[in-house]
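# any chance you can model this:
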Amino acid sequence: MTHIGKHLQYASQIWEQIWRALYDPYRPEQHYMRGLGPKNRAKASN
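Numbering: from 1, shown residues only. Reported below is the predicted structural model:
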């Protein structure tokens, strides 16, 4: 691979990482549980 080819490959890898970081629809912080659920709260209030 030529010197320019290596730079282009590196640049495309960086661009792909930026693109994924900006437009990846999966956001784990929106999906994990925060605290106990409504069934546990109802049981604890009895």
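
# helix or strand right after the helix or strand hosting residue 5?
Residue 5 is located in helix 3-23, with elements delineated by DSSP states H and E. Using DSSP H and E, the helix or strand that follows helix 3-23 in sequence is helix 38-45.

# tell me what that next one is packed against?
Helix 38-45 is packed against no helix or strand, with contacts defined by 3 or more C-beta pairs under 8 Å, 6 or more residues apart in numbering; DSSP states H and E. Glycine gets a C-beta too; all of them are placed from N, C-alpha and C.

# what does that helix contact?
Helix 38-45 is contacted by no other residue when judged by C-beta atoms under 8 Å, 6 or more residues apart in numbering.

# on that earlier part again, centre of the chain to the helix holding residue 5, how far?
18 Å (C-alpha atoms, centre = their mean, to the nearest Å).

# same check on stretch 35-46?
The answer for stretch 35-46 is 30 Å, by C-alpha atoms, centre = their mean.

# do the same with stretch 29-46
For stretch 29-46, the distance to the chain centre is 24 Å (C-alpha atoms, centre = their mean).

# do stretch 16-24 as well
With C-alpha atoms, centre = their mean, you get 9 Å for stretch 16-24.
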